[in-house]
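Q: Quick one, what's the 3D model for this:
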Amino acid sequence: MGLKIEFPKSIIDSKLFFGLSEAEMKSLIQLSKREVFKKGTYPIKAGTEGDSFYWVSSGKLLVHGTKSPSGTYPTLNTLESGDIFGEMVLLGYTKRTANIFVEDDAQVYTWNYQECLDFFLKNPPIAYRVMRNLASMMGERLIEMNSLSKKRAP
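A: Next comes the predicted model:
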C-alpha cells in the first residue's frame, strides 16, 4: 500500500522537494506547522531576527524592500502557492532582509530552523537534496534579479 500524503499537491510539487521520495517528503512536511496570515499584516519585517522559513499554500504575499528615500516600500516580488520565503535562515542568515506583506489572506507551512537542522543531521541524503534544490532556486532568483536590473538600467 502506498503512502497517502495529506498535504496540498502544490507543496509536494514544490521545487524544494524535487528528488525526494514520498516517504522523505512526508517526513519533512510533518516537521512543519500550518499558519494563517491575515490580509494587511507584515509577518516578517526587514532587520528583525527569524528562525523559520515558510512555504505558501494559498493566498498572496508581497516582498517589499526597505524604505526608499521617498518613503515607499518597493515591491520586489509576489509570492503565491508553491513559493517559499525566509529560506536564508537555512544558510545561517537570521536577520530578515525584506518585508513580507500579506496582500490576500494566506495559509503557509512553517519550518523551524533548529528542527530542520536536527532532522537533516539524522538524514544526510534528504539534507543534501533539499539544500541542492534551495541553491538551485536561489540561483534562479539571482539570474532573474540580474535580468531585471539590466532591463531597468539606463
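
Q: Helices of this structure, residue ranges please.
A: Secondary structure of the chain (DSSP state H): helices located at 9-12, 22-29, 113-122, 124-152.

Q: Would you quantify the distance from the residue nearest the centre of the chain to residue 117?
A: Closest residue to the average C-alpha location of the chain: residue 84 at 2.1 Å, with CA atoms, centre = their mean. Distance, residue 84 to residue 117, by CB to CB, to the nearest Å: 17 Å. C-beta here means a position set from N, CA and C on the backbone, and glycine is covered the same way.

Q: about what we covered before: so can I have TSV of the helices of the chain showing mean pLDDT?
A: As requested, the helices of the chain are exported to TSV (pLDDT from 0 to 100):
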stretch	mean pLDDT
helix 9-12	69
helix 22-29	87
helix 113-122	94
helix 124-152	84
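
Q: if we can go back for a sec, quick check: closest non-adjacent residue to the residue nearest to the centre of the chain.
A: Of all residues not flanking residue 84 in the chain, residue 55 sits nearest, at 5.0 Å (CB to CB, 6 or more residues apart in numbering).

Q: Might one say that that neighbour is in contact with residue 15?
A: No - counting by CB atoms under 8 Å, residue 55 does not reach residue 15; the two are 10.6 Å apart.

Q: So for the two, which residue has more residues nearby?
A: The residue with more neighbours, out of residue 55 and residue 15, is residue 55; 26 against 14, by other CB atoms under 10 Å.

Q: That one bridge partners, please.
A: The partner list for residue 55 in beta bridges (DSSP bridges) reads residue 84, residue 109.

Q: For it, give me its contacts.
A: Applying CB atoms under 8 Å, 6 or more residues apart in numbering, we find residue 55 in contact with 11, 14, 16, 32, 82, 83, 84, 108, 109, 111.

Q: Local confidence estimate at it?
A: Listed pLDDT for residue 55 reads 89.

Q: Please report the distance of it from residue 79.
A: With CB to CB as the criterion, residue 55 and residue 79 are 10 Å apart.
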